[in-house]
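> give me the fold of what follows.
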Amino acid sequence: MRIVKQTILISVLLCSGFLQGGSAGAAPQKPAGKQSIAWGLIRKSRQKQPEQKPAINSKVSELLDKYAENQGKLKSFICKWETSMELNALLTEPSYTALSGKGRKVRLTEFRCDGRRYSEKFSTWGNIRSVKDFIRKERAPYNSRLWDGQRFFNYVAMTNQPGRLGIYGDVYELPERMQIEHRCNLDGLNVILIRGFYAIDDKRIDTALRKEQTVSIRDKTEKINGSDCYVIYAENPSEKYTIWIDPEHGYNIAQGQVQYKDSDLFLSQENIRFEKIDDVWIIVEAVVKKVQKFRNGDFTDNTSRCKLIEIKINPDHERLSSFLPDDILNGTTVLFQGETWKKTHSHFRAASGRIISRMRAGVRTYFDEQGQVVSYTWRDGKIIDENDSMVADFLKEDVQDSNSDAKQ
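Numbers count the residues shown, from 1 in each chain. I've put the predicted structure just below:
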């Protein structure tokens, strides 16, 4: 039983950290199903806790209100981040021994969000598959994810090569880890840093603290990077928080520590530098540490240095076409997935006959009568079937339906 639990926790660490989301050529991804199980295990004790509203200290409430006010100014933006991670691990489980040792990875990310839609494009290079195999930047795997308000696009490719695109008709058909609110909140260290989310939490830090069973503020402030900061402490049966709030920089988090007791996972956010951009205090540099220890002596100890390259607040997303799938290379294989496509796009049919649906990792995929996955080809923003006929034009935001003249 210990071995099983250990394997699950390692899977959480790998999936929730820098390898989150399944990069092309990423490290062992076989236990994809375990990822959902592991999230559930870590959150299990929280869900068992009875719903009770703690009597929160009025000063704590005031500080969290001011933090939320600053965060409320950051709803629509475009940002670019570079995150460099130093890896150190001892992993004896056969599935993860390739990642045991010291290594380095770099991730370059562009993230766009308007509060309803989001786009994330990123490439990762370095010790992705193993500590002995270093992928150069020019050969870095490329990923992009887009929720355009109607559909979810998940694109995986190698640099400058056609890849594989999955299109989902309804984001809520996806496993929990892929749903829109989780992707916006949790994807990548960049978003976590500027939006106040920690690696396995689906609530922003101010919301999470308001719900904790024990919340207090220390009598004296502490200096962090030259600023006198308020120190908030919170605890429940599954985790402990210590958060330093900086009143000189928009009541942002100047330093943060979270201990997840069930998984023996420790996260910290420190050496933070702020800048005021368009009247919003924003984190532009930080160091994030993640340490996890296992019962057999295995461990992971990773340090990420994150730097904001560029940010635009309240940009004209329509003029910039922020939420169009314009980065997909011609020749990419396209798969339609999810029950919504079957219900609302009945014209998607294979020439060889009817379509059969099956469940894979919580997502419905379509097969023809020969057992082949029904797929299409991407060409200049258009979806082309096996007869070279266009069935959708996503760059024009026009999806054709043989049963209706209406356009989505």
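> please enumerate the helices of the stretch 301-408 of the chain.
317-320, 339-344 (DSSP state H, counting those that start in this stretch).
> no, scratch that, I was asking about the stretch 101-250 of the chain
Counting by DSSP H, counting those that start in this stretch, the stretch 101-250 of the chain has helices at residues 180-186, 188-195, 205-210.
> helices and strands around the shortest one, which ones?
With contacts defined as 3 or more C-beta pairs under 8 Å, 6 or more residues apart in numbering; DSSP states H and E, the secondary structure elements packing on helix 205-210 are helix 58-71, strand 227-235, strand 239-246. Glycine gets a C-beta too; all of them are placed from N, C-alpha and C.
> what's the most buried one of those?
Comparing those by mean neighbour count (mean count of other C-beta atoms under 10 Å), strand 239-246 comes out on top with a mean of 22.
> and the angle for that strand with helix 58-71?
For strand 239-246 against helix 58-71, the angle by axes from the mean of the first three to the mean of the last three C-alpha atoms, to 10 degrees is 70 degrees.
> and for E386, the neighbour number?
12 (other C-beta atoms under 10 Å).
> all further residue positions should be reported with the first residue as 2.
Sure thing, new numbering starts at 2, so read that last one as E387.
> local confidence estimate at it?
Note on E387: pLDDT of 77.
> got it, and V400?
Among the per-residue scores, V400 shows a pLDDT of 42.
> circling back: and the helices of the stretch 302-409 of the chain, which one's lowest on average pLDDT?
helix 340-345 (a mean of 54).
> how near is D263 to S228?
33 Å (C-beta to C-beta, to the nearest Å).
> go on, I284?
13 Å.
> ok, E111 next?
On the measure of C-beta to C-beta, E111 and S228 end up 30 Å apart.
> can you pull out the strands in the stretch 302-409 of the chain?
In the stretch 302-409 of the chain, the strands defined using DSSP state E, counting those that start in this stretch lie at 334-338, 357-361, 364-368, 376-380, 383-385, 391-394, 399-400.
> ok, the stretch 102-251 of the chain next?
102-114, 119-131, 134-136, 143-148, 153-158, 165-169, 215-218, 223-225, 228-236, 240-247.
> who wins for proximity to E311 among those?
Using C-beta to C-beta as the measure, strand 102-114 is the one of these that comes nearest E311, at 8.8 Å.
> what helices or strands is the closest one leaning on?
strand 78-91, strand 119-131, helix 189-196.
> I'd like these as JSON lines, with distance to K291 and mean pLDDT appended.
Compiled in JSON lines, the helices and strands packed on strand 102-114 are given as follows (distance: least, C-beta to C-beta, whole Å; pLDDT from 0 to 100):
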{"stretch": "strand 78-91", "distance to K291": "9", "mean pLDDT": "93"}
{"stretch": "strand 119-131", "distance to K291": "16", "mean pLDDT": "91"}
{"stretch": "helix 189-196", "distance to K291": "10", "mean pLDDT": "53"}
